[in-house]
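Enquirer: Requesting a structural model of the entry that follows:
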Amino acid sequence: MRVRSLCIAEHCTNKAYSRQLCCRHGAKKQCSAAGCTLRARRNDVCYHHGAPKMMCIEAGCNQYAQARQRCVRHGGGRLCKSHNCTSHARLGGWCQRHQTPTTLPASPQLVTADESSWCKQELHIRSYSMDSTDDVSVFESSTEFASAVMYFLSGDDDTVEPAADHDAQFDAMVMQDVLDILVRTPEISYHEWF
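Expert: Residues are numbered from 1 along each chain as shown. Prediction:
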């Protein structure tokens with residue numbers, strides 16, 4: 001991997017591309033149109049002033065090419081790093097299904113609406129998953145997150161039961177997700193969370 005130095009322009013923290021300058025400060029050609037400061041792409045003009053964008057080379061496709069002269073649908077995107085996965089990479093080279101799930105906080109504490117972003121994200125992953133048919137979007141849009149902590153694990157049978165004053169928006173599927181999160185972290189005493 002090549003390590004690039006920083007741009008020599010004052011107060012610039014971008015990586016240098018050419019002549020110790022970043023693209024913003026002159027490493028690449030600027031658009032030849034009068035008064036335009038955008039970077040030239042093709043024929044010495046930016047896309048705004050007429051540089052043609054490459055189209056997908058597949059017959060009948062009118063999408064813009066991303067890589068290898070093809071659109072994402074026809075193989076122009078990056079694939080997931082996971083072995084034998086054919087899904088497109090989303091974040092960090094992994095598809096949504098193979099991303100590392102977020103982890104619980106180090107110490108058990110009462111979860112409030114302001115401190116619950118990790119839990120909302122973990123529980124809401126299923127609604128964005130390609131292989132999931134579950135719709136848990138209600139959980140993400142709910143402002144009554146505090147009622148979710150009213151659920152508790154009952155005994156040793158790993159079932160989830162609602163407390164008497166639970167909110168009707170939180171169905172059994174969402175609570176099963178909570179159980180799955182807790183089961184993945186055996187070092188935490190589950191009953192301390194609820």
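Enquirer: When you work out contacts or count neighbours from here on, use the C-alpha atoms and nothing else.
Expert: OK.
Enquirer: ok, which stretches of the chain are strands?
Expert: Using DSSP state E, the strands of the chain run over 152-154, 159-161.
Enquirer: Check those for me: which has the lowest mean pLDDT.
Expert: Mean pLDDT is lowest for strand 152-154 among these, at a mean of 41.
Enquirer: what about residue 67, distance to residue 14?
Expert: For residue 67, the distance to residue 14 equals 24 Å [Cα to Cα, to the nearest Å].
Enquirer: got it, and residue 86?
Expert: 34 Å.
Enquirer: What of residue 98?
Expert: The value you get for residue 98 to residue 14, if Cα to Cα is used, is 31 Å.
Enquirer: And for residue 38?
Expert: 17 Å.
Enquirer: again, but for residue 73
Expert: For residue 73, the distance to residue 14 - Cα to Cα - is 32 Å.
Enquirer: who has more neighbours, the two?
Expert: residue 14 (17 against 13; other Cα atoms under 10 Å).
Enquirer: measure that one to residue 71 for me?
Expert: From residue 14 to residue 71 the distance is 29 Å (Cα to Cα).
Enquirer: Kindly report the same for residue 33.
Expert: On the measure of Cα to Cα, residue 33 and residue 71 end up 29 Å apart.
Enquirer: Who has more neighbours out of these two?
Expert: Neighbour count, other Cα under 10 Å: between residue 33 and residue 71, residue 71 has more, with 21 against 15.
Enquirer: Pull the number of nearby residues for the spatially closest residue to the more buried one that is not a sequence neighbour.
Expert: Of all residues not flanking residue 71 in the chain, residue 65 sits nearest, at 4.3 Å (Cα to Cα, 6 or more residues apart in numbering). Neighbour count of residue 65, defined by other Cα under 10 Å: 22.
Enquirer: cool, residue 85 as well?
Expert: Residue 85: 14 neighbours (other Cα under 10 Å).
Enquirer: confidence score at the residue lying closest to it once chain neighbours are set aside?
Expert: Distances taken as Cα to Cα, 6+ apart place residue 79 nearest to residue 85, at 7.5 Å, with adjacent residues excluded. Note for residue 79: predicted pLDDT of 84.
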